[in-house]
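predicted structure and sequence below. I'll ask about it afterward.
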2 protein chains.
Amino acid sequence: MVSIMTTEQRTIAFVIYPGLTPLDIVGPLQVLAGLAAFVPEYRVAVVAANTEKMPSDSGLLLAAEYTFDEVPDPFIVVVPGGMTPTLAAMTDERLLRYLRESASGAHLMTSVCTGALLLGAAGLLEGRRATTHWMFVTVLAALGATPARERWVQDGPVLTAAGVAAGIDMALHLAQQLEGEEVARRIQTMIEYDPEPPLGSIDWSTVDIPGYTPVLEQTMREALGEHPELLEKLVARLPRG
Amino acid sequence: MVSIMTTEQRTIAFVIYPGLTPLDIVGPLQVLAGLAAFVPEYRVAVVAANTEKMPSDSGLLLAAEYTFDEVPDPFIVVVPGGMTPTLAAMTDERLLRYLRESASGAHLMTSVCTGALLLGAAGLLEGRRATTHWMFVTVLAALGATPARERWVQDGPVLTAAGVAAGIDMALHLAQQLEGEEVARRIQTMIEYDPEPPLGSIDWSTVDIPGYTPVLEQTMREALGEHPELLEKLVARLPRG
């Protein structure tokens, strides 16, 4: 929404790549575009290896406005997740380099869902508490992190959110941390985030997490078959009944 | 996620157009792509006038997989909203024709946020209860609807949701209605929609709705200046202190 860049402006960079889960990016993007609308010091910039359209996991195609090179020094980076394509992106050196280079100057590196695996693959979770989608939480230990099952986890300059929809909550927390409660409330009201899940909250006691291990192991083998060292490190951390 | 079309398949068409609010579409899309993953009888199809990339209101570019002509007979249609570009789209005859033609055979026409204004412009809210973003609820009366302030409103074959994030709740309601509680719960768990807004729910007693009338009137005049009849009909329904 802010189109004029100044050196004072704080850029929140949203990294996209083919096959991601679109709600992972669009939840926090809508919140933080609201921040940029209310506080012009901020701007959002969607970045990728190129600006061509790319598939998501849900039939919607996405495209970035900027290439990585055009947004070299973001204030905050948001990394969305997904399934097979996100696991495959753990070996995308161009993407990982952007994350590492950004991290050296950024105020905060953030992820939604399995975007945390990309932060981890870039070496940015080493020694930090972090979270991700409930299916993958234990796997974070393979990347040097201390896994936590929380809606979002902040550890120094790294803020990670749980799965998919958790990115909305994390981004509101971030808006509040940056600009205070009043601004965060205005954003929440503008996007009418007043949740009424028709069946209420998730009853986690009914979710058999180790039951997903066979399908996750299969997904990991498809995505990372050519990277056996990383693959076995991740598979070893899948929960076993 | 389902790529093979059969005549049995139920297509859920998501209509996109330049300048929309991406969370309006991506919330229900992520939910109903989950429905299609669990129940192969369904497929999601993002449709637009063309398949070129188009801007959204938040720096992310979007593109449809199909043109309107390629998805002539959807089972369900989802129409997202936005601000100025959505008001302008109320006079986009190609878009309105797609909505009218779809409505003649569809099981359900749905909207998120000001997408309801597009259903209304197509004549599909006449005599029906409906809702939209809280700023615009009273305006629905100008389109023949009975405005309601609810999270979602179903009246016969028309299902409308409140603003932006309400599309997630509406789509879960819809998944439950179509395929039952168990499927809806699985989708909710998969996208980890277990909301924890850091500042809690919206306190509507603090939101001065008529206070937004001057800026909304200005927005309407920008979007619909060349359509004075429609413009004045809408402006007349804005809430006055």
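Received it, and whenever you're ready, just let me know what you need.

and the helices in chain A?
Taking DSSP state H to define them, one finds helices in chain A at A:22-38, A:84-89, A:93-105, A:115-121, A:166-179, A:181-190, A:213-224, A:228-235.

what's the spacing between the last one and its chain's center?
Offset of helix A:228-235 from its chain centre (CA atoms, centre = their mean, to the nearest Å): 21 Å.

give the rounded mean pLDDT of that helix.
Helix A:228-235 carries an average pLDDT of 98.

circling back to that earlier point, next, format the helices of chain A as TSV and append mean neighbour count and distance to residue B:81.
Bear in mind the C-beta positions are built from the backbone N, C-alpha and C, glycine included. Below are these laid out as TSV (neighbours: other CB atoms under 10 Å in any protein chain shown; distance: least, CB to CB, whole Å):
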stretch	mean neighbour count	distance to residue B:81
helix A:22-38	27	12
helix A:84-89	23	29
helix A:93-105	16	33
helix A:115-121	28	27
helix A:166-179	24	17
helix A:181-190	18	13
helix A:213-224	16	35
helix A:228-235	16	40
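
closest to residue B:15 out of these?
Closest to residue B:15 of the helices of chain A is helix A:22-38 (CB to CB; 15.9 Å).

what average pLDDT does the closest one get?
Rounded to a whole number, the mean pLDDT of helix A:22-38 is 98.

got the CA coordinates for that helix in CSV?
These are the backbone C-alpha positions of helix A:22-38, laid out as CSV (Å, rounded to 0.1, in the frame of the first residue of the first chain):
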residue,chain,number,x,y,z
PRO,A,22,-1.5,-19.5,0.6
LEU,A,23,-3.1,-18.9,3.9
ASP,A,24,0.3,-19.1,5.6
ILE,A,25,1.3,-15.9,3.8
VAL,A,26,-2.0,-14.1,3.3
GLY,A,27,-3.0,-14.2,7.0
PRO,A,28,0.0,-12.2,8.2
LEU,A,29,0.2,-10.2,5.0
GLN,A,30,-3.4,-8.9,5.5
VAL,A,31,-2.6,-8.0,9.1
LEU,A,32,0.7,-6.3,8.3
ALA,A,33,-0.6,-4.5,5.2
GLY,A,34,-3.0,-3.0,7.8
LEU,A,35,-0.1,-2.0,9.9
ALA,A,36,1.5,-0.3,6.9
ALA,A,37,-1.8,1.5,6.1
PHE,A,38,-2.1,2.8,9.6
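
got any ranges where chain A has weak pLDDT?
Applying pLDDT under 70 to chain A flags residues A:1-7.

now do the same contact list for residue A:153.
Residues near residue A:153 by CB atoms under 8 Å, 6 or more residues apart in numbering or on different chains: A:129-131, A:159-160.

what is the end-to-end distance of stretch A:33-51?
Using CA to CA, to the nearest Å, one end of stretch A:33-51 lies 19 Å from the other.

and it, does that touch chain B?
Yes: judged by CB under 8 Å from any CB of the partner chain, stretch A:33-51 and chain B are in contact via A:33, A:44-46, A:51.

please identify the buried residues of stretch A:190-202?
Of the residues in stretch A:190-202, A:190-198, A:202 count as buried by neighbour count, 16 or more other CB atoms under 10 Å in any protein chain shown.

could I get these as a markdown table with distance to residue B:63?
A markdown table is the format used below for these (distance: CB to CB, whole Å):
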| residue | distance to residue B:63 |
| --- | --- |
| A:190 | 26 |
| A:191 | 23 |
| A:192 | 26 |
| A:193 | 26 |
| A:194 | 30 |
| A:195 | 29 |
| A:196 | 31 |
| A:197 | 30 |
| A:198 | 31 |
| A:202 | 32 |
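
filter these down to the ones near chain B?
Counting by CB under 8 Å from any CB, A:190-198, A:202 from these sit close to chain B.

residues contacting residue A:49?
Applying CB under 8 Å, 6+ apart, we find residue A:49 in contact with A:17, A:67-68, A:94-95.

again, only this time at 10 Å
Listed by CB atoms under 10 Å, 6 or more residues apart in numbering or on different chains, the contact partners of residue A:49 are A:15-18, A:64, A:67-69, A:92, A:94-95, A:98.

is it true that residue A:224 touches residue A:85?
No: Residue A:224 is not in contact with residue A:85 according to CB atoms under 10 Å; the separation is 11.6 Å.

for residue A:113, phi and psi?
The phi/psi pair for residue A:113 (degrees, to the nearest 10) reads phi 60, psi -140.

OK, contacts around it?
If a contact means CB under 10 Å, 6+ apart, then residue A:113 has A:20-21, A:23-25, A:27, A:79-83, A:86, A:131-136, A:160-167, B:191-192 as its contacts.

these in strands, which ones?
If you go by DSSP state E, those have A:79, A:160-161 in strands.

name the nearest residue to residue A:66, sequence neighbours excluded.
In space, residue A:66 comes closest to residue A:47 once its chain neighbours are excluded; the distance is 4.8 Å by CB to CB, 6 or more residues apart in numbering or on different chains.

so among the ones in strands among the contacts of residue A:113, which ones count as buried?
A:79, A:160-161.

nearest to residue B:59 among those?
Set against residue B:59, the nearest of these by CB to CB is residue A:79 (16.0 Å).

that closest one contacts residue A:109, correct?
Yes: counting by CB under 10 Å, residue A:79 touches residue A:109, with 7.5 Å between them.

overlap of the contact sets of these two?
Residues touching both residue A:79 and residue A:109 by CB under 10 Å, 6+ apart: A:99, A:102, A:115, A:119, A:122, A:124, A:160.

need these in TSV with distance to chain B, can you?
Below are these laid out as TSV (distance: CB to the nearest CB, whole Å):
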residue	distance to chain B
A:99	19
A:102	17
A:115	13
A:119	18
A:122	22
A:124	22
A:160	13
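
and the residues you listed, which two are furthest apart?
Every pair of the shared contacts of residue A:79 and residue A:109 checked by CB to CB; the farthest is A:102 and A:160, at 15.5 Å.
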